[in-house]
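Asks: Prediction below, plus the sequence it came from.
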Amino acid sequence: MENTIYSLIPPLLAILMVILTRRVLLSLGAGIVAAAFLLAEFSLIKTFTIIWDAVKGIFVADGALNTWNVYIILFLLILGVITAFVNISGGSRAFGEWATKRVKTRAGAQVMTAILGIIIFIDDYFNALAVGQVSRPITDRHRISRAKLAYIIDSTSAPICVVSPISSWGAYIIGILGTILATHQITEYSPFSAFIQMIPMNMYVWATIIIVFIVAIKGIEFGQMKKHEEKAIETGEVFDSSKEIPGELKNDLPVSEKGTVGDLVWPIVALVVGTVGAMLLTGYQVVGEFSLLAIFENTDVAASLLYGGLFGLIVSIIFFAIQVSKKGVEGKAFGPGLIEGVKSMLPAVYILLFAWVIVTLIDSLGTGAYLAGLVESSNLNTGLLPVILFIVAGIMAFSTGTSWGSFGILLPIAGEIAASTDVSILLPAMAAVLAGSVFGDHCSPISDTTILSSTGAGSNHIDHVVTQLPYAITGAVIAAAGFLILGLTGSTLIGLAVVILILVLFAVFGKSKQVQSQSHSQ
């Protein structure tokens, strides 16, 4: 069954099921079982043995603990706990009060929201909820519609997380990259350096984020968003009270009224400093000299993420203890915060585990090698692979409402095809998968990040989806042009130059509506 048309059955089954059922774990599980069944040549007993060996390999490799996978899983769980304690300590609320006194214009309120979305990059869920809590009082004061706020939040949560190595997304993606590179015995770059090199290749991220700032500064509105913004400016009604407007997420965790800006800032600073410091230390231990490039090439990323996460967790707990001493929150909230933080990350861990297994089995079947043979026999220009993968990933993520599930299914396939045809296209192909998955997830009404963005902003969910779609599609069209040029020329710089040129034209010729009255009080 290896390297034949039958090797397409597991990935196609997973893709079809994820579109029809919108249940990623069930779909990945079906793909795993199908792949093992084919590898076992239809023997049920051997099928379970193959699956067990693949699962065991996640935790034990060569008779020892697979620290790469285990550390990444622990890092994800720690991030969830940090998020919970930052919220309990009241850091997000305090920052909102601080910023309200300092932001004076509509453009300033939108730019502040976008910048905050970029700064809070450790997790998209935390990003959407924290930025929403912080920004809503400010944007309401300046008569910015809740739909516009939701758009800004959604455009700076997943897009910035997907290019941040120190985030739940970064850990997840680096974990998959590690498996793919090891599978194909690619040693010219590490999983971390591969991730870093893919950052400028993610055309959709840069197009989307730049569009947010252009729209905020120039006041460019089109589609349904224009109607929402005009109504907010003219009447002060930032949302339609006749529609269902979500409030805070259902959460029984208390929030301290005595929280300070430091309760939000310092745990994030500790996370970043701790992780980067650990990367420098572990890399230096291997290299033996201070060469920044060599250090990051040889750093133990998984261990560094774990150490940085632990440092950030310790700092977040310290600030929680300070709030307890101030009687801003009761000490008994510690247990629920710990439990809820861990629970919030379990879905990500489950998807990651399933993705690791299917990566191993798809490679054993030679699915990518077979597809690569089809590409070669059809004389398809491999330079078109990035833009094709961008479109396919976008469709999949839109249909399923999950970018992570699309990562798990398409990254190994993209890796297989590129490694078997032209290894130089490997990173652009995988960057296109990441970009397309974020685009599809960005547009999908059933996406968790889309739902959390509308919830954090206090916007009607369908209003958010309808108003955001034209902006997301604009970014995708621009990104597709960049991927086409990147694939054909092999130059990231030329691809980015095309994206920037189109964005400049968008900024120059986009119709703007300048607001004379810059500030209002409701």
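Replies: Looks like it arrived, so ask away. Numbers count the residues shown, from 1 in each chain.
Asks: switch to C-alpha atoms for all contacts and neighbour counts from now on
Replies: Fine.
Asks: from what I can see residue 313 touches residue 80, true?
Replies: No: contact status for residue 313 versus residue 80: not in contact, 9.7 Å apart, counting by Cα atoms under 8 Å.
Asks: pLDDT value on residue 22, please?
Replies: Model confidence at residue 22, given as pLDDT, is 64.
Asks: Give the burial count for residue 347, as a bare number.
Replies: By the criterion of other Cα atoms under 10 Å, residue 347 has 11 neighbours.
Asks: From residue 453, how far off is it?
Replies: From residue 347 across to residue 453, the span is 18 Å (Cα to Cα, to the nearest Å).
Asks: now do residue 117
Replies: According to Cα to Cα, residue 117 and residue 453 sit 11 Å apart.
Asks: shared neighbours of the two, anything?
Replies: Common neighbours of residue 117 and residue 453 (criterion: Cα atoms under 8 Å, 6 or more residues apart in numbering): 128, 153.
Asks: does residue 279 sit in a helix or strand, and which one?
Replies: helix 261-287 (DSSP states H and E).
Asks: Run through the neighbouring helices and strands of that helix.
Replies: Here helix 261-287 touches helix 67-88, helix 91-100, helix 292-298, helix 301-325, going by 3 or more Cα pairs under 8 Å, 6 or more residues apart in numbering; DSSP states H and E.
Asks: Minimum distance to residue 35: which of those helices has it?
Replies: helix 67-88 (21.8 Å; Cα to Cα).
Asks: average model confidence for the closest one?
Replies: 87.
Asks: who are the neighbours in contact with the closest residue to residue 178 other than its chain neighbours?
Replies: Nearest residue to residue 178, sequence neighbours excluded (Cα to Cα, 6 or more residues apart in numbering): residue 191, at 4.9 Å. Applying Cα under 8 Å, 6+ apart, we find residue 191 in contact with 174-175, 177-178, 181.
Asks: Tell me how far residue 191 lies from residue 357.
Replies: Residue 191 is 18 Å from residue 357, by Cα to Cα.
Asks: Which elements pack onto the helix or strand containing residue 442?
Replies: Per DSSP H and E, residue 442 falls inside helix 426-443. Applying 3+ Cα pairs under 8 Å, 6+ apart, one finds that helix 426-443 contacts helix 158-161, helix 191-198, helix 203-218, helix 385-400, helix 403-421, helix 448-457, helix 461-489.
Asks: Is it possible to get JSON lines of these that adds distance to residue 44 and mean pLDDT?
Replies: As requested, the helices and strands packed on helix 426-443 are arranged in JSON lines below (distance: least, Cα to Cα, whole Å; pLDDT from 0 to 100):
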{"stretch": "helix 158-161", "distance to residue 44": "40", "mean pLDDT": "88"}
{"stretch": "helix 191-198", "distance to residue 44": "35", "mean pLDDT": "89"}
{"stretch": "helix 203-218", "distance to residue 44": "44", "mean pLDDT": "94"}
{"stretch": "helix 385-400", "distance to residue 44": "30", "mean pLDDT": "84"}
{"stretch": "helix 403-421", "distance to residue 44": "24", "mean pLDDT": "82"}
{"stretch": "helix 448-457", "distance to residue 44": "36", "mean pLDDT": "79"}
{"stretch": "helix 461-489", "distance to residue 44": "43", "mean pLDDT": "92"}
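Asks: Adding distance to residue 436, write those helices out as JSON lines.
Replies: Shown next, in JSON lines, are these (distance: least, Cα to Cα, whole Å):
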{"stretch": "helix 158-161", "distance to residue 436": "11"}
{"stretch": "helix 191-198", "distance to residue 436": "14"}
{"stretch": "helix 203-218", "distance to residue 436": "8"}
{"stretch": "helix 385-400", "distance to residue 436": "4"}
{"stretch": "helix 403-421", "distance to residue 436": "8"}
{"stretch": "helix 448-457", "distance to residue 436": "15"}
{"stretch": "helix 461-489", "distance to residue 436": "8"}
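Asks: Out of those, which is closest to residue 495?
Replies: Going by Cα to Cα, the one of the helices and strands packed on helix 426-443 nearest residue 495 is helix 461-489, 4.5 Å.
Asks: got the buried residues for the longest helix along the chain?
Replies: Using DSSP state H to define each element, the chain has its longest helix at helix 334-365. Buried residues in helix 334-365, counting neighbours by 16 or more other Cα atoms under 10 Å, are found at 334, 337-338, 340-342, 344-345, 348-349, 351-365.
Asks: swap in stretch 13-28?
Replies: For stretch 13-28, by 16+ other Cα under 10 Å, it's 13-15, 17-19, 22-25, 27-28.
Asks: Could you do stretch 279-298 as well?
Replies: 279-284, 287, 294-298.
Asks: With stretch 214-231 instead?
Replies: Buried, per 16+ other Cα under 10 Å, within stretch 214-231: 214-222, 224-226, 228-231.
Asks: Format the CA atom coordinates belonging to that stretch as CSV.
Replies: Backbone C-alpha positions of stretch 214-231 (Å, rounded to 0.1, in the frame of the first residue of the first chain) are rendered in CSV as follows:
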residue,chain,number,x,y,z
ILE,A,214,-4.2,51.5,7.3
VAL,A,215,-7.9,51.1,8.1
ALA,A,216,-7.4,52.6,11.5
ILE,A,217,-5.3,55.6,10.5
LYS,A,218,-7.1,56.5,7.2
GLY,A,219,-10.6,55.5,8.3
ILE,A,220,-11.1,53.3,5.3
GLU,A,221,-14.5,51.5,5.6
PHE,A,222,-16.3,49.3,3.1
GLY,A,223,-18.9,46.7,3.0
GLN,A,224,-21.2,46.2,6.1
MET,A,225,-18.4,47.7,8.3
LYS,A,226,-19.1,51.1,6.8
LYS,A,227,-22.7,51.0,8.0
HIS,A,228,-21.8,50.0,11.5
GLU,A,229,-19.2,52.7,11.8
GLU,A,230,-21.4,55.4,10.4
LYS,A,231,-24.2,54.5,12.9
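Asks: Against which helices or strands is the longest helix of the chain packed?
Replies: Helix 334-365 packs on helix 24-39, helix 44-59, helix 67-88, helix 168-183, helix 403-421, going by 3+ Cα pairs under 8 Å, 6+ apart.
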